[in-house]
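>>> Please work out how this folds:
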Amino acid sequence: MAIMFDGIFFTAVIVSTIVSFVLGGIWYAGPVFGSMWMAALGKTEADKEAMRKQAPKGFVAGLIGAFIASFVLALFLEYGRQANVGLPGGVLGGIVVGFLAWFGFLMTTGISGAIFEGRSGKLVGINQGYAIVSYLLMGAILGIWL
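Next up, the predicted model:
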């Protein structure tokens, strides 16, 4: 059985992409963790202007990255269901796939990379917190639609 790359598939991917992208903006630039993230990076108020100049490139990269992540999560979800590996249906199945992708790929490489780079635990927590929430939300959205 083949995956149906139909309107529903791409609508689900686009909606979950937008949710992940907006969450990133709220998480990093908004009131949630913006100041803590800047401090954990060692950035000052004076550094904000230089960061703003790079923002358009970062937004494009973030949007493309969120789309790719959402698309791949959708593929994992569909292949898991078609392979009949006991993946739950609906939202729970999407959340399971989102968690497994985060745990198996993002968390493992993110933490080991942060250790080698000498990143603070606070910065790792902020970044990994965003990653898990984003992947769980994308998975839930995909699980609802697919």
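>>> okay, now Lys53: neighbour count?
Other residues near Lys53 number 8, with proximity taken as other CB atoms under 10 Å. No exception for glycine: its C-beta is placed from N, CA and C like everyone else's.
>>> how close does it sit to Ile95?
Going from Lys53 to Ile95 by CB to CB, to the nearest Å gives 37 Å.
>>> do the same with Arg81
Per CB to CB, Arg81 is found 14 Å from Ile95.
>>> try Pro88
Counting by CB to CB, the gap from Pro88 to Ile95 is 9 Å.
>>> These two: who's more crowded?
The residue with more neighbours, out of Pro88 and Ile95, is Ile95; 19 against 14, by other CB under 10 Å.
>>> Now that the more buried one has come up, it's in contact with Tyr135, right?
No - shown here, Ile95 and Tyr135 do not form a contact pair, counting by CB atoms under 8 Å, at 9.0 Å.
>>> Assign Leu73 to helix, strand or coil.
helix (DSSP: H, G, I helix; E, B strand; the rest coil).
>>> Other residues contacting stretch 122-137?
16, 19-20, 23-24, 27-28, 33, 36-37, 40-41, 66, 69, 73, 95, 98-99, 101-102, 106-107, 110-111, 114 (CB atoms under 8 Å, 6 or more residues apart in numbering).
>>> Would you mind listing which of the residues you listed are buried?
Neighbour-count burial (16 or more other CB atoms under 10 Å) applied to the contacts of stretch 122-137 gives 16, 19-20, 23-24, 27-28, 33, 37, 40, 66, 69, 73, 95, 98, 101-102, 106-107, 110, 114.
>>> Please flag which of the contacts of stretch 122-137 sit within helices.
16, 19-20, 23-24, 27-28, 36-37, 40-41, 66, 69, 73, 95, 98-99, 101, 110-111, 114 (DSSP state H).
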